[in-house]
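K.L.:
3D model of this:
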Amino acid sequence: MGIPIYYRKGNESVVSSYDSFDLASKTGYKKFYCSNHEFSNAIAYFITPEIADSTVPFISLAGTGALTDLYVKEQDLDFDILFNSPQIIRGDLYTELSYGNVNQAGVTSHCYVILNVYHVSPSGTETLIGTINGKERTIGSGLSCIYRDLFKISITKKKFAIGDKLRFNLLYYSRASNASNMLYYIYFDASSRTQTAYNNPYSFKDSTDLSLFVPFFIDV
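P.N.:
Numbering: from 1, shown residues only. Have a look, this model is predicted:
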């Protein structure tokens, strides 16, 4: 099936193949991965179609929540991909994420994520085109649990011009009776080299990639 004229503007390559295609909704799905690399003592986060090893495959840090057991935003991560050709995105974006808490004895903790999808102009202006609040998870005293959740995010139809970016934003919140005795984990290894360090509620370990199934609108 040919690519409509709109997608053939510009002199850069386009998304001309998809991992799946829904003819009824005129949607082509392409799988991407959230990844990172490290340079000059900093970490750059990005979105890529390549299955490559992330320099930092996961975050594992002590919770910073106070003893008042109030939610604290532990992480605010942005993963970007630059568009070198015009595209239209709309429909349901699916993402798979592994995350959770590890408690020491006597500590009960809670966590949830908020996922946002933005259109970002060359000047840096963000336009929210999709969002979802994850379920609050409770991890019992002295227990450890990593969740592998699938999220469906409804995306408002948006044109992306050359030089625009798609941004996937991950907010991680946690609280605990004693946050200094709790570790939180967020995984984003594009090649999913290892399984999660701890079991999920079903007593097995999960994949460690953070994948995005992005819906491209095809006017055919």
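
K.L.:
what about the chain, any weak spots by pLDDT?
P.N.:
Within the chain, the ranges that satisfy pLDDT under 70 run 1-16, 65-68, 179-180, 220.

K.L.:
hmm, 80 instead?
P.N.:
By pLDDT under 80, the low-scoring segments of the chain are 1-17, 64-69, 178-180, 201-204, 219-220.

K.L.:
which stretches of it form strands?
P.N.:
Read by DSSP state E, the chain holds these strands, from start to end of the chain: 20-22, 27-39, 42-48, 58-62, 72-82, 87-103, 109-120, 126-133, 137-139, 144-160, 165-176, 182-187, 211-217.

K.L.:
Next, the buried residues of the third one.
P.N.:
It stands for strand 42-48. 45-48 (16 or more other C-beta atoms under 10 Å). Yep, even glycine has a C-beta here, placed from its N, CA and C like the rest.

K.L.:
if we can go back for a sec, nearest to T196, out of the strands of the chain?
P.N.:
strand 144-160 (4.2 Å; C-beta to C-beta).

K.L.:
neighbouring strands for that closest one, and are they parallel or not?
P.N.:
In the sheet containing strand 144-160, the strands it pairs with under DSSP bridges are strand 87-103 (antiparallel).

K.L.:
Tell me how many other residues crowd the closest residue to D149 other than its chain neighbours.
P.N.:
Among residues not flanking D149 along the chain, L97 sits closest, at 5.7 Å (C-beta to C-beta, 6 or more residues apart in numbering). L97 is surrounded by 23 other residues when neighbours are defined as other C-beta atoms under 10 Å.

K.L.:
ok, L97 to G130 distance?
P.N.:
Using C-beta to C-beta, to the nearest Å, we find L97 at a distance of 15 Å from G130.

K.L.:
Same check on L115?
P.N.:
The gap separating L115 from G130 is 8 Å, by C-beta to C-beta.

K.L.:
what is in contact with the two at once?
P.N.:
In the contact map built from C-beta atoms under 8 Å, 6 or more residues apart in numbering, the residues linked to both L115 and G130 are I153.

K.L.:
thinking again about what came up before, mind putting the strands of the chain in TSV, distance to Q195 included?
P.N.:
Supplementary listing: these in TSV, determined by distance: least, C-beta to C-beta, whole Å:
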stretch	distance to Q195
strand 20-22	25
strand 27-39	17
strand 42-48	21
strand 58-62	11
strand 72-82	21
strand 87-103	9
strand 109-120	20
strand 126-133	25
strand 137-139	18
strand 144-160	9
strand 165-176	20
strand 182-187	10
strand 211-217	15
